[in-house]
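Engineer: Need the 3D shape of this:
(2 chains)
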There are 2 protein chains.
Amino acid sequence: MVDPRAAVTVVAKGLPASPGAAQGEAVFDADEAEALAKQGRKVILVRPETSPEDFHGIVAAQAVLTARGGMTSHAAIVARGMGKTCVVGATEIEVDAAGGRFRANGRVVKRGQVLTVDGTTGRVILGTAKLVEPTVGGHYGKLMAWADARRRLRVRANADTPADARRAREFGAEGIGLCRTEHMFFEGDRITAMREMIVAPDETERRRALAKLLPMQRGDFEGIFEAMAGYPVTIRLLDPPLHEFLPHTRGEIAPLAKAMKLPAAALERIVDGLTEVNPMLGHRGCRLGITYPEITEMQARAIFEAACRVVARGKQVVAEVMIPLVAHVEELRRQAEIVRRVAQDVFLAEGRAVPYLVGTMIELPRAALTADEIAKEADFFSFGTNDLTQTTFGLSRDDAGRFLPFYVEHGILKDDPFQVLDQEGVGRLMELAVRLGRGSRNELKIGICGEHGGEPESVKFCHRVGMNYVSCSPFRVPIARLAAAQAALEEQGVINRTRATV
Amino acid sequence: MVDPRAAVTVVAKGLPASPGAAQGEAVFDADEAEALAKQGRKVILVRPETSPEDFHGIVAAQAVLTARGGMTSHAAIVARGMGKTCVVGATEIEVDAAGGRFRANGRVVKRGQVLTVDGTTGRVILGTAKLVEPTVGGHYGKLMAWADARRRLRVRANADTPADARRAREFGAEGIGLCRTEHMFFEGDRITAMREMIVAPDETERRRALAKLLPMQRGDFEGIFEAMAGYPVTIRLLDPPLHEFLPHTRGEIAPLAKAMKLPAAALERIVDGLTEVNPMLGHRGCRLGITYPEITEMQARAIFEAACRVVARGKQVVAEVMIPLVAHVEELRRQAEIVRRVAQDVFLAEGRAVPYLVGTMIELPRAALTADEIAKEADFFSFGTNDLTQTTFGLSRDDAGRFLPFYVEHGILKDDPFQVLDQEGVGRLMELAVRLGRGSRNELKIGICGEHGGEPESVKFCHRVGMNYVSCSPFRVPIARLAAAQAALEEQGVINRTRATV
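Structural biologist: Numbering: from 1, shown residues only, chains lettered A, B, ... in the order given. Here you go, the predicted structure:
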């Protein structure tokens, strides 16, 4: 952390998206961040906003700073998931990435200048501010044991890799509530196979590319199941729109076309054809699995083959397959059919069966409103409160930076609904979904895997409406455990119900 | 209409977005469509999709054909509003606008080739198919009189200009349920003043540009109030995001910058800064009026000054000011305060008062869920079912063409929810909003102004949940009147409740 007594020059302020402090040279490009980091230099990645294409730059950087985006923007979520310092939505800075500099409040900061990013307060500081080690009291373990003894809610973590899964266990997570499979498609030669799948002219070619992805996915799932042995792992099938896996500018398309042995114009046409006006509301989630069922088949096969292999090594596996972005029960019914059919195929081939559930995200208002119907096909619900907040408010988290800070500052909204669950609006929809869902299926397992799963007030709300678990970033698991205990104590009248202050 | 007995060569099929048949040369650019039409030539505007920048091309063309978009895409809504033939979402065609041609099913159609567009069936036909006049039976007037005597629902029309308002009256509309003020900002020198407002560096400059827009808006409102004398006119304040009023490519930005006496780089920065990832969920609707209250002030002033002038000429005016995209009651409260303050100012200055209401669109799930709170500040609700369907389903109408036709074809959804109201999901939310709203304010006036207001099954739903009126395109007013009568007769048990077949 930045020494609270240090005199510092603040060039801008943004949202404290991921705590801690970090220092390094400003760089404006993910590739450059990676190249400099390989030389052992410390860098701060500065971007207008980030996308999955910047992922390697975020990994390489000491901290991430973005001009746009809210507490649940791509940069914020990815950095928080890694425990990396991050400040987003620093709207005072105007990033000229091509020119390698940014302006803020009359100052210009160029590539190579050293910055200190304070993710605890949101400050962007010129030069190297004095840092001090934060201290954790020795009573942590005891407090957590007390909390665990009192809470009713289970606490899981969101983790996409075996390394994340191991870290989640260290923080006390009792399972994985959200494993995002798409993050597995960005690294190394996986993105190549993924892109082959996307540009495939027909199902045969698509299946050929998917066959290359299968062993990679299976390997990841094996690692995750191993790390979480005995604890449930909820795996969400492919969610983002396919264009997120392709480059968008001519300069990037040409070399890729060459590598793929395609005419540049043909690849440009494919990219153009996939471009969406509102990608958040586009061809993504289970809509992909409905139109390309072979993707769902491949993912289900990878999950069940991995599960069988881990069980064969004598470990327990509890697999939960989660269908994203369901709006209508019929979508879930058809996707669940595919998953169950593949499970039977795999179990027959492997000569063993593994227990599994098939459930769905509740992340669209229509899913919540028709939760009675949807529960007939779902073994579990997991509230995706990031997307549910976006659709319920009609608010894109990537664009909200232009007015949401004004709303909070001027008291139009009490809190940023992406940070603290909007209990009056989104919460009303969630309560309805819990009631309708359990009305159809009494034993329905219900959890939350949005960012709110690690926010104390929101955790307490989840307790009150009767959910079974919350799931959040590994680093927020201790907070969630504590908030869950407070909720239980409040319910019993042991402590007063107040705004949480953990 | 195309002679049903004519032998035709169908090059592609799309969605029948606006009925009728039209013929002309294929053109791929709105400016060219306008230029050729001025020479007296008949043209068909072919675009990947349309945006407000294409408006003049749509006006000039005999028909519009787009490769993308659904029944409520820009092209579909605008064409339907004009009674112009339109086919959208013809996904088989691949438009190369720059090259002046499209491909479809192995054929290439070049600029200047003659097409027949059949908006009743969605067919795109090569050459000039034989057309015949459709005939309207002489019993129309009698049937409509019967319908009007039986229905309880009022039927209004959506109209943005005095000409539209007059046409709406001819079709029997009893008021305007939606007057979209932004359409007034695109023509001639209005777009210039609008752009000055957008690029203004501060409030003073913004107010200077708004002052230029005021008399133009006032003039439009005067014309509309005159045309609808005595009938209510619901005026929606500015709704679309500001970037819709600016060009987006460098080639278009440079000349505009020159005309505005701005460095091209500065204008590019402004355009970049306004760009949104998900414009549907972005800085639009009342979020504009909250962050730039001077826009709301100008629009309210134009409305009330126009109303006073028309009343001074001895005509009655019933003005209903509608705040768009409200998610939280506090947004409505603050915007309504501005409207009421301006009304008092104008009435004092003009020495007369005009009756008016202030209400809100219910077009976001959160507004429906908190309708009890929102009704405390609203004299009326108008369901914006286009946006409400988009947010409830998490479905962008501009992007849905990539999977929604598949969904309907394969029975995942019974109907396209943008054509026929989704009663199970969106409808459940609307019922809740009606119940909560009337619970707070018994006399609350409630209507619908989405595209569904002219679709028979949806009209009957509106009757059943107890709305006061529906509002639709002028051309669909007779259908709505008939469906409203059927709903009343069904309720009384005079006819069986069946799927409407008007």
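
Engineer: only C-alpha atoms for contact and neighbour calcs from this point on.
Structural biologist: Will do.

Engineer: any idea how far stretch A:220-236 is from the chain center?
Structural biologist: The chain centroid and the centroid of stretch A:220-236 are separated by 17 Å, computed with CA atoms, centre = their mean, to the nearest Å.

Engineer: any idea of the mean pLDDT in that stretch?
Structural biologist: Summarised as a single mean, pLDDT over stretch A:220-236 is 95.

Engineer: can you check stretch A:493-502 too?
Structural biologist: Stretch A:493-502 comes out at a mean pLDDT of 66.

Engineer: for the closest residue to chain B within the stretch 51-200 of chain A, what are its contacts?
Structural biologist: Proximity to chain B, evaluated over the stretch 51-200 of chain A using CA to the nearest CA, is greatest for A:E94 at 9.1 Å. Neighbour list for A:E94: A:P48, A:A67, A:F102, A:R103, A:A104 [criterion: CA atoms under 8 Å, 6 or more residues apart in numbering or on different chains].

Engineer: I'd like to know how far it sits from B:A7.
Structural biologist: From A:E94 over to B:A7 the distance is 61 Å, taken as CA to CA, to the nearest Å.

Engineer: Give me the pLDDT for the residue of the stretch 51-200 of chain A closest to chain B.
Structural biologist: In this prediction, A:E94 carries a pLDDT score of 94.

Engineer: One more: the one 10 residues further on?
Structural biologist: Per-residue confidence at A:A104 stands at 93 (pLDDT).

Engineer: Bridge partners for it, pull those for me.
Structural biologist: A:I93, A:R107 (DSSP bridges).

Engineer: Wait, it touches A:D96, no?
Structural biologist: No: between A:A104 and A:D96 there is no contact under CA atoms under 8 Å: 11.2 Å.

Engineer: contact partners of stretch A:340-355?
Structural biologist: A:E297, A:A300, A:R301, A:F304, A:E305, A:A307, A:C308, A:V311, A:V317, A:V318, A:A319.

Engineer: And those, which two are furthest apart?
Structural biologist: A:E297 and A:V311 (21.0 Å; CA to CA).

Engineer: who does the helix or strand A:K212 falls within touch, helix- and strand-wise?
Structural biologist: Element membership of A:K212 [criterion: DSSP states H and E] is helix A:203-227. Judged by 3 or more CA pairs under 8 Å, 6 or more residues apart in numbering or on different chains; DSSP states H and E, the packing partners of helix A:203-227 are helix A:162-170, helix A:190-199, helix A:293-312.

Engineer: TSV for those, including mean pLDDT?
Structural biologist: Output for those, formatted as TSV (pLDDT from 0 to 100):
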stretch	mean pLDDT
helix A:162-170	90
helix A:190-199	92
helix A:293-312	98
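
Engineer: a markdown table for the ones you listed, including mean neighbour count and distance to chain B?
Structural biologist: Output for the helices and strands packed on helix A:203-227, formatted as a markdown table (neighbours: other CA atoms under 10 Å in any protein chain shown; distance: least, CA to the nearest CA, whole Å):
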| stretch | mean neighbour count | distance to chain B |
| --- | --- | --- |
| helix A:162-170 | 19 | 29 |
| helix A:190-199 | 20 | 14 |
| helix A:293-312 | 22 | 13 |
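
Engineer: Mind putting those into a markdown table with distance to B:H328?
Structural biologist: Output for those, formatted as a markdown table (distance: least, CA to CA, whole Å):
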| stretch | distance to B:H328 |
| --- | --- |
| helix A:162-170 | 37 |
| helix A:190-199 | 40 |
| helix A:293-312 | 38 |
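
Engineer: Just tell me which of those ends up closest to A:R218.
Structural biologist: Closest among those, once you apply CA to CA, is helix A:293-312, at 4.4 Å.

Engineer: what residues does that closest one touch?
Structural biologist: A:203, A:207, A:210-211, A:214-215, A:217-219, A:221-222, A:225-226, A:237-238, A:288-289, A:316-317, A:319, A:321, A:335, A:338-339, A:342-343, A:346-347, A:350, A:352-354.

Engineer: And the residues you listed, which of them are buried?
Structural biologist: A:207, A:210, A:214-215, A:217-219, A:221-222, A:225-226, A:237-238, A:288-289, A:316-317, A:319, A:321, A:335, A:338-339, A:342-343, A:346-347, A:353-354 (16 or more other CA atoms under 10 Å in any protein chain shown).

Engineer: what's the domain layout of chain A?
Structural biologist: Using automatic domain parsing, the domain ranges for chain A come out as A:9-126, A:138-241+A:276-492.

Engineer: need the contact list for the residue of the stretch 101-250 of chain A found nearest chain B.
Structural biologist: Nearest to chain B in the stretch 101-250 of chain A, going by CA to the nearest CA, is A:P241, at a distance of 11.3 Å. Residues counted as contacts of A:P241 (CA under 8 Å, 6+ apart) are A:P279, A:G282, A:H283, A:R284, A:G285, A:L288.
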